[in-house]
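Chemist: any chance you could fold what I've pasted below:
(one chain, ligands or ions: 1)
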Amino acid sequence: MTKPILPKAVSAAVVDPAAYGEWNGLHEQLAWARANAPLAVAENSDHDPFWLVTRHADIMAIGRDPQHFANGIRPTVLTNRDGEALARAATPGGDGHLIRSLVQMDAPDHMKYRLLTQSWFMPKNLRIVEDRIRQIARDTVDHMLESGGTCDFARDVAAHYPLRVIMDILGVPAEDEPRMLMLTQQLFGSTDPELNRNKVEITSAEQAIAMLHYVIADFENYFRELTADRRANPREDIATVIANATIDGGQIPDRELAGYYMIVATAGHDTTSASTAAAIMELAKNPALFARFRDAEAEKAGLIEEAIRWATPVQHFMRSARADVEIGGQTIREGDWLMLNYVSANRDEAIFDAPFAFDPDRTKNQQIAFGFGAHVCLGQHLARMEMRILMEELLPCVKSIELAGEPARVESVFVGGLKRLPIRFEAA
Ligand code: HEM
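Modeler: Numbering: from 1, shown residues only. Now for the predicted structure:
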């Protein structure tokens, strides 16, 4: 059977950081793909061809089947051909993963490593840190109120709160947070000229890889010192768990150690910030919704779940087929590369009524922003809890919120969301 090929406009949009920044045009292309070619190949001159997976059901089916769909074989984030070749040349055994974290692992390593910290992120343990998180939320709200009625919510508020929470849980001291924030933005925003390390347009794979090397080396140097400290002085934090963990009877090798810290340190803030900013943007646009959720008694879960669906901060992950397999009516061949497009799946008309309406009252919100299957987001309960606590602390403290300028999105194919959200508010 021949592989269905996507029209050029769709293939071009799904690899274009600017399309994810602009957003509405991207949604038009994805809606077309869901309706006409939900599992079809994107061909672009710079990238190896890959299957674009746009339907919710197909992403679930792939997540459910790690036997056939691996994380470790090809890059887990879209990388162009030159970039992949350079990364392969620069990595041990040529595996092409500049970072080897949980995300790049498959069985049996994946579960061994995941289990080291999994219990930390379960709701039962998170209750222990709830008071600390609430204090960080209160400080964040105080800081916002001090700004006197206008701020860039994305930059001044949303970007800092989840960072402080994850750094607290990880064990990074407050004075080092600006460095962590900068490095994460450089890592995830490496294609956005406003956010990347050298503040430049990226014109070649060499340039992108060289920049990423510096960012990763900075992270590694930082975490090397933290490891030494926690081996000498164990504390009640995740750094202590990671630094002192053993795998197959020995210490975690350096590469995996750095990868572990980096995934925990980075996965949890730009993502949670993006969902938080999305919630505030929708409340700023809709005074009736704002009035409802401002009520201290109002249950916030529906608002939070819908904001996560709406924002879909992790816009895709890639998988590679280990063997020939049928899925969604197509035959995927061994070695094929697939883009799980969560942005599309979270607007899938087959799953969501009126998917383009922001509706906190969806009865069963099956949003898939945290992925699905063995790699499902380790921090999903933490992300929801952080958002709930911030909404509980913030909303009663303001009488009104409105947009005070044009919001702008990050230009990135991977982690996206609002980088600017100018708002005006009146303190209560
Ligand atoms: C994995 C999304 C917050 C830590 C993932 C995946 C997605 C995701 C899509 C990959 C799932 C898959 O491949 O099936 C999000 C979103 C968040 C968020 C949308 C916020 C709204 C967090 C937080 C943490 C975190 C707060 C805290 C540390 C991780 C880790 C993984 C992961 C460690 C790798 C899990 C694995 O490969 O086994 N996340 N995440 N995330 N996330 Fe999150």
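
Chemist: so, low pLDDT: which residues of the stretch 201-350 of the chain?
Modeler: For the stretch 201-350 of the chain, the stretches with pLDDT under 70 are 202.

Chemist: just the strands in it please.
Modeler: With strands called from DSSP state E, counting those that start in this stretch, the stretch 201-350 of the chain shows them at 246-247, 250-251, 316-321, 325-327, 330-332, 337-341.

Chemist: these: which one's closest to residue 39?
Modeler: Closest to residue 39 of those is strand 330-332 (Cβ to Cβ; 4.8 Å). All C-beta atoms are positioned from the backbone trio N, CA, C, and that covers glycine.

Chemist: could you pull out the buried residues of the closest one?
Modeler: Across strand 330-332, burial judged by 16 or more other Cβ atoms under 10 Å covers 330, 332.

Chemist: sorry, back to before: closest to residue 155 out of the strands of the stretch 201-350 of the chain?
Modeler: When the strands of the stretch 201-350 of the chain are compared (using Cβ to Cβ), the closest one is strand 316-321, at 24.5 Å.

Chemist: over to the residue in the stretch 151-300 of the chain positioned nearest to the ligand: give its phi and psi.
Modeler: Across the stretch 151-300 of the chain, the shortest distance to the ligand (Cβ to the nearest ligand atom) belongs to residue 268, at 2.9 Å. Backbone torsions of residue 268, given as degrees, to the nearest 10, read phi -100, psi 0.

Chemist: which one is it nearest to, not counting chain neighbours?
Modeler: For residue 268, ignoring the flanking residues on the chain, the nearest one in space by Cβ to Cβ, 6 or more residues apart in numbering is residue 166 at 4.2 Å.

Chemist: that neighbour and residue 77, how far apart?
Modeler: 20 Å (Cβ to Cβ, to the nearest Å).

Chemist: isn't residue 227 up against residue 257?
Modeler: Yes - judged on Cβ atoms under 8 Å, residue 227 makes contact with residue 257 at a distance of 6.4 Å.

Chemist: any common contacting residues for these two?
Modeler: 242, 243 (Cβ atoms under 8 Å, 6 or more residues apart in numbering).

Chemist: how many residues are close by residue 375?
Modeler: 20 (other Cβ atoms under 10 Å).

Chemist: likewise residue 23?
Modeler: Neighbours of residue 23 using other Cβ under 10 Å come to 11.

Chemist: now it. Nearest residue, chain neighbours left out?
Modeler: Using Cβ to Cβ, 6+ apart, the nearest residue to residue 23 is residue 409, at 5.7 Å.

Chemist: can you pull out the helices in the stretch 301-428 of the chain?
Modeler: 301-311, 342-345, 380-394 (DSSP state H, counting those that start in this stretch).

Chemist: show me which residues of this protein sit near the ligand.
Modeler: 63, 102-103, 114, 166, 263-264, 267-268, 271-272, 275, 308, 313-314, 317, 369-373, 375-379, 382-383 (Cβ under 6 Å from any ligand atom).

Chemist: can you pull the pLDDT of the nearest residue to residue 423 once chain neighbours are set aside?
Modeler: Closest residue to residue 423 apart from its sequence neighbours, by Cβ to Cβ, 6+ apart: residue 153 at 4.9 Å. With respect to pLDDT, residue 153 has a value of 98.

Chemist: which other helices and strands contact the longest helix seen in the chain?
Modeler: Secondary structure of the chain per DSSP state H: the longest helix is helix 205-232. Contacts defined by 3 or more Cβ pairs under 8 Å, 6 or more residues apart in numbering; DSSP states H and E place helix 205-232 against helix 81-90, helix 177-188, helix 238-244, helix 254-267.
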